[in-house]
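1. with the sequence up front, the predicted model follows.
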Amino acid sequence: MPIQVLMPALSPTMEKGNLAKWLKKEGETIKSGDVIAEIETDKATMEVEATDEGTLGKILIPEGTADVAVNTPIATILADGESAADLAKASAPARQQKAAESAPPAAEAKSAPAPKEEAVPAAPKAVAEPDPEVPAGTEMVTMTIRDALRDAMAEEMRRDPDVFLMGEEVAEYQGAYKVSQGLLQEFGAKRVIDTPITEHGFAGIGVGAAMTGLKPIVEFMTFNFAMQAIDQIINSAAKTLYMSGGQMGCSIVFRGPNGAAARVAAQHSQDYSAWYSQVPGLKVVAPFSAADYKGLLKAAIRDPNPVIFLENEVLYGHSGEVPKLDNFVIPIGKARVVRSGAHVSIISWSNGMTYALKAADELAKEGIEAEVVDVRTLRPLDTDTIVASVMKTGRAVTVEEGWQQSGVGAEIAARIMEHAFDYLDAPVARVSGKDVPMPYAANLEKLALPSAAEVVAAAKAVCYR
């Protein structure tokens, strides 16, 4: 049966691209691995490789076609013995069909080709404990994390004319990940501002604006690029209140995707949770659920101090229930027990919660009740909630995508030892990203990240010790 070639994705968040050029013609023989076409977006160019051998039977999308949706059939490959009469029977390769079924709906991203399999497991649907910030009976609306962030910014911009958004591609392009979609049309170019590609420059402008009383939201296309602005963030924003003797504030939010996405390699996959959470003068937020993304971003925008708001690109397309409230704000610095349990506390944040919740499901099948704590805020860290959970279960496992040395998990473990040592039945276990720069190859990238299986193994180890 003829095989369809589907429009590939450059990243988990890409929706469409331009078919720039065909490098093979109809009727030409192709081998697995041959480059047959080039795909372009405004962020990157990639080559489409054939995954099967045969003859290029028919080109379905001509070169030069713009805005071709991901997973659209673009050509068919005929196997030996097949002819043009068989083209109507074409089907997608199993690998591409699986990718098409599992690909998250999202906006185009800046990165390299997507892996052939998911770098992280899909978010499990675990039943969470009631959220104390949400009144009983509140109507819930299902939305993506991307939309929750946009709604939070829009609501705060309507509420306070001093709030504005700035960053690369936040306006005309509607955001590199479509997080700011529609904001330019509603608020205009004076409050939704496209900046040049100079993080040090526009972060400094944002800090200066905050010192004059405005409330900037500075978006980094990725926190890897925020490394260029580290002096502005730490030496200017974080230290201003102290160095001015309390006379000058700096109400500013630095937000954007942090940590690993998929196939974007070592310089674009770094997790800065530990970096920023170590700095006095900063508040650091790293949510997991759609409701927390919205409620905590609103709190961050209202905060009189600089806030680092660490998002996760892999989560942008994930959906969750968000309370339909006029003023839904979650206090910074408060963790949440999202799943009760009696045998072991699994403590995590951001995308680490994906592994934690899936592990809790697996442990439950073996009779181990895991209590899952989403810390949500890394600085200030809610030590009381973490310690209360560990005093209840007697065991703890921390889960993070960042490196283990000097990581947030290490800080959590230290606080547990300081405040709940007498309640521990086993040493605190840590599951983290491996101590290597992030590989580009999909199989190695998967090995470098933590997994639910590792969390399960760590939890069993502390439970059966």
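-> The structure has been received and is ready for your questions. Computed from a predicted model, the values in this text were never measured in an experiment.
2. so which helix or strand of this structure has the lowest pLDDT on average?
-> Taking mean pLDDT, DSSP states H and E as the measure, the chain has helix 94-102 as its least confident helix or strand, at a mean of 45.
3. so after that one, what's the next helix or strand?
-> Counting by DSSP states H and E, the next helix or strand C-terminal to helix 94-102 is strand 140-144.
4. so which bits of that following strand are buried?
-> Across strand 140-144, burial judged by 16 or more other Cβ atoms under 10 Å covers 143-144. From N, CA and C alone the C-beta is placed, and that goes for glycine too.
5. give the rounded mean pLDDT of the helix or strand just after it.
-> Going down the chain from strand 140-144, the next helix or strand is helix 145-159, by DSSP H and E. Helix 145-159 shows a mean pLDDT of 96.
6. Val397 reaches Ala458, doesn't it?
-> Yes. Contact criterion Cβ atoms under 8 Å: Val397 and Ala458 qualify, at 4.7 Å.
7. out of these two, which sits in the busier spot?
-> Using other Cβ atoms under 10 Å, the more surrounded residue of Val397 and Ala458 is Val397, with 29 against 23.
8. what packs against the helix or strand harbouring the more buried one?
-> For Val397, the host element (DSSP H and E) is strand 396-399. Helices and strands touching strand 396-399, by 3 or more Cβ pairs under 8 Å, 6 or more residues apart in numbering; DSSP states H and E, are strand 344-348, helix 352-364, helix 408-420, strand 429-431, helix 452-463.
9. gap between it and the chain center?
-> Its chain's average C-alpha position is 20 Å from that of strand 396-399, according to Cα atoms, centre = their mean, to the nearest Å.
10. partners of it in the sheet?
-> Strand 396-399 has the following strand partners under DSSP bridges: strand 344-348 (parallel), strand 429-431 (parallel).
11. which of those sits most buried?
-> Most buried of the strands paired with strand 396-399 by mean neighbour count (mean count of other Cβ atoms under 10 Å) is strand 344-348; its value is a mean of 30.
12. and it with helix 408-420, angle?
-> Following axes from the mean of the first three to the mean of the last three Cα atoms, to 10 degrees, one obtains 140 degrees for the angle between strand 344-348 and helix 408-420.
13. what residues does strand 344-348 touch?
-> Here strand 344-348 makes contact (Cβ atoms under 8 Å, 6 or more residues apart in numbering) with 288, 355-356, 359-360, 363, 368-375, 386, 389-390, 392-393, 395-400, 409, 412, 455, 459, 462-463.
14. same deal with stretch 233-249?
-> With Cβ under 8 Å, 6+ apart as the test, stretch 233-249 has contacts from 203-204, 207, 210-211, 226, 250, 252, 254, 276, 279-282, 304-306, 308.
15. which ones among those residues map onto strands?
-> Judged by DSSP state E, strands contain the following of the contacts of stretch 233-249: 254, 308.
16. among the contacts of stretch 233-249, name the buried ones.
-> When the contacts of stretch 233-249 are checked for burial by 16+ other Cβ under 10 Å, the buried set is 203-204, 207, 210-211, 226, 250, 252, 254, 276, 279, 281-282, 305-306, 308.
17. separation between the closest residue to Glu139 other than its chain neighbours and Val134?
-> Leaving out its chain neighbours, the residue that sits closest to Glu139 by Cβ to Cβ, 6 or more residues apart in numbering is Lys324, at 4.3 Å. For Lys324, the distance to Val134 equals 10 Å [Cβ to Cβ, to the nearest Å].
18. Thr383: how many residues sit nearby?
-> For Thr383, the count of nearby residues is 17 (other Cβ under 10 Å).
19. again with Ile197
-> With neighbours defined by other Cβ under 10 Å, the count for Ile197 comes to 11.
20. ok, Gln267 next?
-> Applying other Cβ under 10 Å, I find that Gln267 has 12 neighbouring residues.
21. check for me that it belongs to a strand.
-> No. Using DSSP: H, G, I helix; E, B strand; the rest coil, the assignment for Gln267 is helix, not a strand.
22. surely it touches Asn224?
-> Yes. Counting by Cβ under 8 Å, Gln267 touches Asn224, with 6.3 Å between them.
23. identify the residues contacting Glu186.
-> Residues in contact with Glu186 (Cβ under 8 Å, 6+ apart) are 154, 157.
24. re the thing from before, tabulate the strands paired with strand 396-399 (a markdown table), appending distance to Leu23.
-> Formatted as a markdown table, these follow (distance: least, Cβ to Cβ, whole Å):
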| stretch | distance to Leu23 |
| --- | --- |
| strand 344-348 | 45 |
| strand 429-431 | 44 |
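25. using JSON lines, lay out the ones you listed together with mean pLDDT and distance to Leu183.
-> Listed next are these as JSON lines, based on pLDDT from 0 to 100; distance: least, Cβ to Cβ, whole Å:
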{"stretch": "strand 344-348", "mean pLDDT": "98", "distance to Leu183": "31"}
{"stretch": "strand 429-431", "mean pLDDT": "97", "distance to Leu183": "38"}
